[in-house]
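Asks: 3D model of this:
(4 chains)
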2 protein chains.
Amino acid sequence: MDKNLIPDKEMSTEERIKLAATKVFVQKGYAATKTRDIAEEAGINIASLHYYYRSKDKLFELVIGEALRNFSKVMDSIFNNDLPLHEKVRVFVERYTDFIKENPMVPLFIIAESQHNPETVDKLMAHEQTLDKLEVQLKELAGQGIIRKMHHAHFIMNMVSLTIFPFLMKPLLLHKIELSLDEYYVLLEDRKKMIPEMIINYLYLKKPD
Amino acid sequence: MDKNLIPDKEMSTEERIKLAATKVFVQKGYAATKTRDIAEEAGINIASLHYYYRSKDKLFELVIGEALRNFSKVMDSIFNNDLPLHEKVRVFVERYTDFIKENPMVPLFIIAESQHNPETVDKLMAHEQTLDKLEVQLKELAGQGIIRKMHHAHFIMNMVSLTIFPFLMKPLLLHKIELSLDEYYVLLEDRKKMIPEMIINYLYLKKPD
DNA sequence: AATCAGTTTAATCATTTGATTAAATAAAAT
DNA sequence: ATTTTATTTAATCAAATGATTAAACTGATT
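Replies: Next up, the predicted model:
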């Protein structure tokens, strides 16, 4: 029975609490998480949690804020650069697939909070970087008759949906379809190729490259 | 300040409780929902809730069970019939888009429970009907060289992801992209055409029909 | 060594929350 | 009309939970 507590080695109480809080909040969500869960996970006293972070709310705000900004940052770093369009898609799908494989509860964590408290997003997610470059890129290519006209929101929705939602569907999918866990993970790898193909295939009027 | 309580007219206490419970559980999730919230929403005493449904857990099981079976039922009814493939996709996208527009918190409700307690799915979701017909249909068309070979799980994932995830992304999308609510809803309508096009376009080696 | 600021702990508090009880009320059966 | 059964209510309980307190401990400074 490995409880797999956060390791103490060389880590301050403050850091341990934040790490433990992240783990538990992401795993169970805000309401289902008790301060005592976090304290136990961190191997500290409940009072220490309040000493460093004042309240459960404040601690949660810290955790969800970091998750939101990280999501935003990675997204921006991929799309606010000069890669060709199909490369952007490829990089996005690969990066996010690998990340979510390692952190399978993170998407639900972010989405649950953003749906239950939409104002959190505006309050805590950086708004500086935007997806302007992507919009410009799509408009240019469409103007040249290379791709079909498409709102960049659709482009984003398609790519993000096809990449992330299969993780959220996992329990329902495995129940509806005879599929082993191994097969499921093979399919996820398949998608690193398939998703970019699908998107580019639909977007480009003539083949790219 | 309309509290918009569940209407009493011609409805038994038992029904009122179930309706109120569905509304509150779907809205806030299991852990954040208090039995007192449900009682207030239904306009009844907390004891009545226990009189009819024994416990918060039992009541929740009823609500999530119905949601799971309904999701499953609609899915099966669309795919276990003899429509041409592109019609199945079209019907699915249209039906689910309209449903979720009216019940925007339902997808998160189902997904959150299925991720936090995967055993709930196996316990409460009917397993009788399956997606065999779809699998057969895909294999036949592939055998005839009409469509490319594709695991039916991919087909399902693509269609469900493209249809449902944009609703879950709403707060994040509106934050990242300059987009009014009206524009957002126009985009969702666009997708009723776009998603089937995208999927069929990728799947068929020659144009269908 | 004595002092002091920073940290950690055990004990406790006040509130919330799921659940129960016993009494009141309504409805149905005799 | 009286008895019996089903439903609803107000009051209360015990456990859980976020937060606080006061004391103990730690390590640096004088």
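Asks: how about the spatially most central residue of chain A, what does it touch?
Replies: Geometric centre of chain A, nearest residue: residue A:107, 4.7 Å, by C-alpha atoms, centre = their mean. Contact analysis of residue A:107 by C-beta atoms under 8 Å, 6 or more residues apart in numbering or on different chains lists A:100, A:164, A:167, A:168. (Glycine included, C-beta is placed from N, CA and C.)
Asks: helix or strand for it, which one?
Replies: Under the criterion of DSSP states H and E, residue A:107 resides in helix A:106-116.
Asks: need the next SSE after the helix or strand hosting residue A:164, C-terminal direction.
Replies: Residue A:164 belongs to helix A:152-168 when assigned by DSSP H and E. Remark: after helix A:152-168, the chain's next helix or strand is helix A:170-176, criterion DSSP H and E.
Asks: Establish whether that following helix and chain B are in contact.
Replies: Yes - judged by C-beta under 8 Å from any C-beta of the partner chain, helix A:170-176 and chain B are in contact via A:170, A:171, A:172, A:173, A:175, A:176.
Asks: Between these, which sits nearest chain B?
Replies: Distances from chain B to these, taken as C-beta to the nearest C-beta, are shortest for residue A:171 (4.1 Å).
Asks: tell me which residues in stretch A:143-155 are buried?
Replies: Across stretch A:143-155, burial judged by 16 or more other C-beta atoms under 10 Å in any protein chain shown covers A:147, A:150, A:151, A:152, A:153, A:154, A:155.
Asks: which outside residues touch that stretch?
Replies: Around stretch A:143-155, the neighbours that count as contacts under C-beta under 8 Å, 6+ apart are A:85, A:131, A:134-135, A:138, A:141-142, A:199, A:202-206, A:208, B:173, B:177, B:179, B:184, B:187, B:190-191, B:194.
Asks: Going through those, which ones are buried?
Replies: With neighbours counted by 16+ other C-beta under 10 Å, the contacts of stretch A:143-155 contain buried members at A:85, A:131, A:134-135, A:138, A:141, A:199, A:202-204, B:173, B:177, B:179, B:187, B:191, B:194.
Asks: Just the closest of the residues you listed to DNA strand D, please.
Replies: Distance to DNA strand D, by C-beta to the nearest atom of the strand, is smallest for residue B:173 among the buried ones among the contacts of stretch A:143-155, at 30.8 Å.
Asks: for the closest one, what are its contacts?
Replies: Going by C-beta under 8 Å, 6+ apart, residue B:173 touches A:153, A:156, A:157, B:166, B:179, B:184.
Asks: Same check on residue A:179?
Replies: By C-beta under 8 Å, 6+ apart, the contact set of residue A:179 is A:173, A:187, B:153.
Asks: Including distance to residue B:51 and pLDDT, could those go into a markdown table?
Replies: Below are these laid out as a markdown table (distance: C-beta to C-beta, whole Å; pLDDT from 0 to 100):
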| residue | distance to residue B:51 | pLDDT |
| --- | --- | --- |
| A:173 | 39 | 96 |
| A:187 | 47 | 98 |
| B:153 | 45 | 97 |
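Asks: Can you show me the helices along chain A?
Replies: Assigned by DSSP state H, the helices in chain A fall at A:13-28, A:35-42, A:46-53, A:56-79, A:85-102, A:106-116, A:118-124, A:132-143, A:152-168, A:170-176, A:181-203.
Asks: could you dump those to JSON lines with distance to residue B:17?
Replies: JSON lines is the format used below for the helices of chain A (distance: least, C-beta to C-beta, whole Å):
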{"stretch": "helix A:13-28", "distance to residue B:17": "27"}
{"stretch": "helix A:35-42", "distance to residue B:17": "30"}
{"stretch": "helix A:46-53", "distance to residue B:17": "36"}
{"stretch": "helix A:56-79", "distance to residue B:17": "30"}
{"stretch": "helix A:85-102", "distance to residue B:17": "38"}
{"stretch": "helix A:106-116", "distance to residue B:17": "23"}
{"stretch": "helix A:118-124", "distance to residue B:17": "29"}
{"stretch": "helix A:132-143", "distance to residue B:17": "49"}
{"stretch": "helix A:152-168", "distance to residue B:17": "30"}
{"stretch": "helix A:170-176", "distance to residue B:17": "27"}
{"stretch": "helix A:181-203", "distance to residue B:17": "39"}
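Asks: Turn those helices into JSON lines, including distance to DNA strand C.
Replies: Output for the helices of chain A, formatted as JSON lines (distance: least, C-beta to the nearest atom of the strand, whole Å):
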{"stretch": "helix A:13-28", "distance to DNA strand C": "3"}
{"stretch": "helix A:35-42", "distance to DNA strand C": "8"}
{"stretch": "helix A:46-53", "distance to DNA strand C": "3"}
{"stretch": "helix A:56-79", "distance to DNA strand C": "12"}
{"stretch": "helix A:85-102", "distance to DNA strand C": "29"}
{"stretch": "helix A:106-116", "distance to DNA strand C": "15"}
{"stretch": "helix A:118-124", "distance to DNA strand C": "19"}
{"stretch": "helix A:132-143", "distance to DNA strand C": "43"}
{"stretch": "helix A:152-168", "distance to DNA strand C": "26"}
{"stretch": "helix A:170-176", "distance to DNA strand C": "24"}
{"stretch": "helix A:181-203", "distance to DNA strand C": "33"}
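Asks: Of those, which is nearest residue B:71?
Replies: helix A:170-176 (7.7 Å; C-beta to C-beta).
Asks: Report the distance from the closest one to the chain centre.
Replies: Its chain's C-alpha centre lies 21 Å from the corresponding centre of helix A:170-176 when counted by C-alpha atoms, centre = their mean, to the nearest Å.
Asks: again, but for stretch A:110-127
Replies: With C-alpha atoms, centre = their mean, you get 13 Å for stretch A:110-127.
Asks: Mind listing what's buried along it?
Replies: Buried residues in stretch A:110-127, counted by 16+ other C-beta under 10 Å: A:110, A:111, A:112, A:113, A:114, A:115, A:116, A:120, A:121, A:124, A:125.
Asks: Tell me how many other residues surround the nearest residue to the fifth one once chain neighbours are set aside.
Replies: Among residues not flanking residue A:114 along the chain, residue B:171 sits closest, at 4.1 Å (C-beta to C-beta, 6 or more residues apart in numbering or on different chains). Counted with other C-beta atoms under 10 Å in any protein chain shown, the burial measure for residue B:171 works out to 21 neighbours.
Asks: Could you double-check that residue B:171 sits in contact with residue A:125?
Replies: No - under the criterion of C-beta atoms under 8 Å, residue B:171 is not in contact with residue A:125, lying 9.5 Å apart.
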